[in-house]
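J.: Show me the folded form of this:
(chains A and B)
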Number of protein chains: 2
Amino acid sequence: MADQLRRITLASRPQGDATTEHFALETSDIPEPGAGEALVAVDHFSLDPYMRGRMDDGPSYAEPVAVGATMGAQGVGRVIASRADGLSEGDVVTGMTGWASHAVLPAEQLTKVPDGVPPTAVLGVLGMPGFTGWFGLTEIGKPKAGETLVVGAATGPVGSMVGQLAKAYGLRTVAVAGGADKCEMAREVYGFDAAVDHRAYGSVSEMRKALDEAAPDGIDIYFENVGGKTLEAVLPLMNTFGRIPVCGMVAWYDGAGDVQTTMPALWRTLLVKRMAVQGFIIADHWDRFGAFQSDVAPRVNKGEIEWREDVAKGIESAPQAFLDMLKGGNTGKQIVAV
Amino acid sequence: MADQLRRITLASRPQGDATTEHFALETSDIPEPGAGEALVAVDHFSLDPYMRGRMDDGPSYAEPVAVGATMGAQGVGRVIASRADGLSEGDVVTGMTGWASHAVLPAEQLTKVPDGVPPTAVLGVLGMPGFTGWFGLTEIGKPKAGETLVVGAATGPVGSMVGQLAKAYGLRTVAVAGGADKCEMAREVYGFDAAVDHRAYGSVSEMRKALDEAAPDGIDIYFENVGGKTLEAVLPLMNTFGRIPVCGMVAWYDGAGDVQTTMPALWRTLLVKRMAVQGFIIADHWDRFGAFQSDVAPRVNKGEIEWREDVAKGIESAPQAFLDMLKGGNTGKQIVAV
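T.: Model prediction:
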């Protein structure tokens, strides 16, 4: 336990690319828990692409992080002081601790990590990213055996969940990932039938040709978490009655870049192919979290669902690890060891 | 009965705007019905925006009309010769006659018009356009009382059905139409709560301001049959969990024109607002036609659903009437009296 609370705050809002300049490391006294609260010493917290959206002002599904405020994140740690019934020193808990070494939270916002579950699993495979993949695939993608699925960021915590579940449901699975190593990981670790390296193609049309070969019967479900070149390459390959669950667009978070597809072309595709595009935010669907755990926790325990972590060491490494993740620098679920 | 069959064929494919030069009037001998067929003298046939798509080559939901072939259309007329059981001379029937004075069709592709129904109603309010509006609104739009709906081409046969049904279901209804006369018609004849004249605004942002005033609680359902400026004006006004059934994009059929919204901006809106966009083609959903008739025919008979027709006189007037319709020149369902 450090003598001071250390936290990463939003120093300023990015205009375009986010850099380490937009973050600050601040220290303060460790607060005492009030009545009904507990003080948690954070061991690990999660870095997720959605956090990039919170750095911007303007309309979004959640309040932006205020300039000067601590960056938000789910964390896991140990209770080191409690004034709440049911929480004792030493309990391993998870909650929205933020990018911080310590957090005081009301007891009802903390959940004990079940025995036998590695604590950091609740940040990834059994937490929000895994739940996002499960919900989007099953409830919006409506997978049917024999269909073909494409997912981007396929070795990430969402994409790897989507690919492994789709494979278990009897679909042909095609990964899109950045670099030969990740493509090999997609095939060898996560069991994708094929993998397309988006970095290997200079143009949308070249990438589309590779996807066309990897998905010879067309694409029925495109699980959208990246946007950009992948989306543009995929769209004309979608089959009639195709489904696109949209939970992210990391390629476009820093700005639009070079976009070739126009609104009329997209609209025509949606109409001609009778496609369904559905945006979703997992926070709207916590009522399904129990169903997710019932389906997926046994698969994880049996080793049917693989998961990997990248651990950045030290809270001060969080901003660079976050920025690297947005560019695809991680290979597993990105977390920070405080 | 004319001595010759007259028909309008596709003379050549448009590159950009369609003009009367792309059509030809041809005559030929009137064919005899074969076994199981009937010869129909066509009284009226329908002109619909979807026909513009059939004039183009390239991927679509239906085969393009071949150059030199008769333009397709639903028609109504009288049987003048029959070699089919159950069809007799004088029967009033409907089927895919095309833009033609006569058609020979197999009996199973002809439907008798029920007694008491004006024959041309089966081309509009009780036919494909009315069904399109009913299906898209009820099955994709999922309207709830108290919500707000916007529909373009609001005095057309699809838009007027959508608006009147939505009003009956307890929604606030906002029409978008071209010109003061149509806006008045939308309010006075079809009962829209407000009407926005898209011709009155030079820019998307001005039109958006008018829509914002007409829909002070935001837009929950945008029934999309026009695309273009209306879509761009509507998108930022959509409420969280909004729905967009997409059945057409007439503003973009001749080409993209001036489009301001980018793919990334659209994708961000879909994600942030958790919206659902669903393309549909009514031909996929004939299994619901009975449910449509059960719901809507009584409303039409009681006068709860208003409908209007524009009748172009003479088959030779069809190409110009069709082109005028694409530009919004009609006020009711556009049909041709042969």
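
J.: Which residues of the stretch 151-300 of chain A lie near chain B?
T.: With the criterion set to CB under 8 Å from any CB of the partner chain, the stretch 151-300 of chain A comes near chain B through A:224, A:227, A:231-232, A:240, A:246-249, A:252, A:256, A:259, A:261-268, A:270-281, A:284. Bear in mind the C-beta positions are built from the backbone N, C-alpha and C, glycine included.

J.: out of those residues, which are inside strands?
T.: Judged by DSSP state E, those include A:Thr240, A:Val246, A:Ala276, A:Val277, A:Gln278, A:Gly279 as members of strands.

J.: Taking those, please make a ChimeraX selection of just the buried ones.
T.: Listed next is the ChimeraX selection for buried residues among those, using 16 or more other CB atoms under 10 Å in any protein chain shown:
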select /A:246,276,277,278,279
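
J.: Output the contacting helices and strands for the helix or strand bottoming out on mean pLDDT in chain A.
T.: None of the helices or strands of chain A scores lower by mean pLDDT, DSSP states H and E than helix A:263-272, at a mean of 86. Under the contact criterion of 3 or more CB pairs under 8 Å, 6 or more residues apart in numbering or on different chains; DSSP states H and E, helix A:263-272 touches helix B:228-234, strand B:238-246, helix B:263-272, strand B:276-279.

J.: Show me which of the residues of the stretch 151-300 of chain A next to chain B are buried.
T.: For those, buried by 16+ other CB under 10 Å: A:224, A:227, A:231-232, A:246-249, A:252, A:259, A:261, A:263-268, A:270-281.

J.: Okay, now the unreliable bits of chain A?
T.: A:1-2, A:59-62, A:256 (pLDDT under 70).

J.: the helices in it, which residues?
T.: Shown for chain A, the helices assigned by DSSP state H span residues A:50-54, A:128-135, A:157-168, A:180-188, A:204-214, A:228-234, A:263-272, A:289-301, A:318-326.

J.: For the second one, could you pull out the residues that count as buried?
T.: The reference is to helix A:128-135. For helix A:128-135, a neighbour-count test (16+ other CB under 10 Å) marks A:Met128, A:Pro129, A:Gly130, A:Phe131, A:Thr132, A:Gly133, A:Trp134, A:Phe135 as buried.

J.: which residues sit in contact with the first one?
T.: Shown in contact with A:Met128 (CB atoms under 8 Å, 6 or more residues apart in numbering or on different chains): A:Ser46, A:Asp48, A:Gln74, A:Ile282.

J.: let's go with 6 Å and repeat that
T.: Counting by CB atoms under 6 Å, 6 or more residues apart in numbering or on different chains, A:Met128 makes contact with nothing.

J.: again, but for the last one
T.: Contacts for A:Phe135 (CB under 6 Å, 6+ apart) come out as A:His285, A:Arg288.

J.: Over to the residue of chain A most remote from its centre: give its phi and psi.
T.: Within chain A, A:Ala35 marks the point farthest from the mean C-alpha position, 33.8 Å out by CA atoms, centre = their mean. Main-chain torsions, A:Ala35, degrees, to the nearest 10: phi -60, psi 130.

J.: Quick check, it in contact with A:Asp85.
T.: No: using CB atoms under 6 Å, A:Ala35 makes no contact with A:Asp85, being 10.3 Å away.

J.: Quick check: bridge partners of A:Pro245?
T.: Beta-bridge partners recorded for A:Pro245 (DSSP bridges): A:Gln278.

J.: what about it, how many neighbours?
T.: 26 (other CB atoms under 10 Å in any protein chain shown).

J.: A:Gly141 is in contact with that one, correct?
T.: Yes: between A:Pro245 and A:Gly141 a contact is recorded at 5.3 Å, counting by CB under 6 Å.

J.: ok, the closest residue in space to A:Lys182 that isn't next to it in sequence to chain B distance?
T.: Spatial nearest neighbour of A:Lys182, chain neighbours left out: A:Thr155 (4.8 Å); criterion: CB to CB, 6 or more residues apart in numbering or on different chains. Distance of A:Thr155 to chain B, given as CB to the nearest CB, to the nearest Å: 22 Å.

J.: My read is that A:Thr155 contacts A:Met185, right?
T.: Yes: the pair A:Thr155 and A:Met185 passes the contact test of CB under 6 Å, sitting 5.0 Å apart.

J.: If you count surrounding residues, which of the two has more?
T.: A:Thr155 (27 against 22).

J.: Run through the residues that contact the more buried one.
T.: Here A:Thr155 is in contact with A:Ala177, A:Lys182, A:Met185, A:Ala186, A:Thr331 (criterion: CB under 6 Å, 6+ apart).

J.: partners of the spatially closest residue to A:Gly124 that is not a sequence neighbour in the sheet?
T.: Distances taken as CB to CB, 6+ apart place A:Lys333 nearest to A:Gly124, at 3.6 Å, with adjacent residues excluded. Partner residues in beta bridges with A:Lys333, using DSSP bridges, are A:Glu309.

J.: Would you mind confirming that A:Val311 makes contact with A:Ala337?
T.: Yes: contact criterion CB under 6 Å: A:Val311 and A:Ala337 qualify, at 5.2 Å.

J.: Return every residue with contacts to both of the two.
T.: Joint contacts of A:Val311 and A:Ala337 (CB under 6 Å, 6+ apart) do not exist.

J.: Could you tell me how many residues sit around the residue lying closest to A:Tyr190 once chain neighbours are set aside?
T.: Nearest non-adjacent residue to A:Tyr190, counting by CB to CB, 6+ apart: A:Ser160, 4.8 Å away. Using other CB under 10 Å, A:Ser160 has 32 other residues around it.

J.: circling back: may I ask which of the contacts of A:Thr155 has the most neighbours?
T.: Of the contacts of A:Thr155, with other CB under 10 Å as the count, A:Ala177 tops at 30 neighbours.

J.: and the gap between it and A:Gly156?
T.: As for A:Ala177, its distance to A:Gly156 is 9 Å (criterion: CB to CB, to the nearest Å).

J.: measure A:Arg268 to A:Val259 for me?
T.: 16 Å.

J.: Revised request: answer the last question for A:Arg7.
T.: 36 Å.
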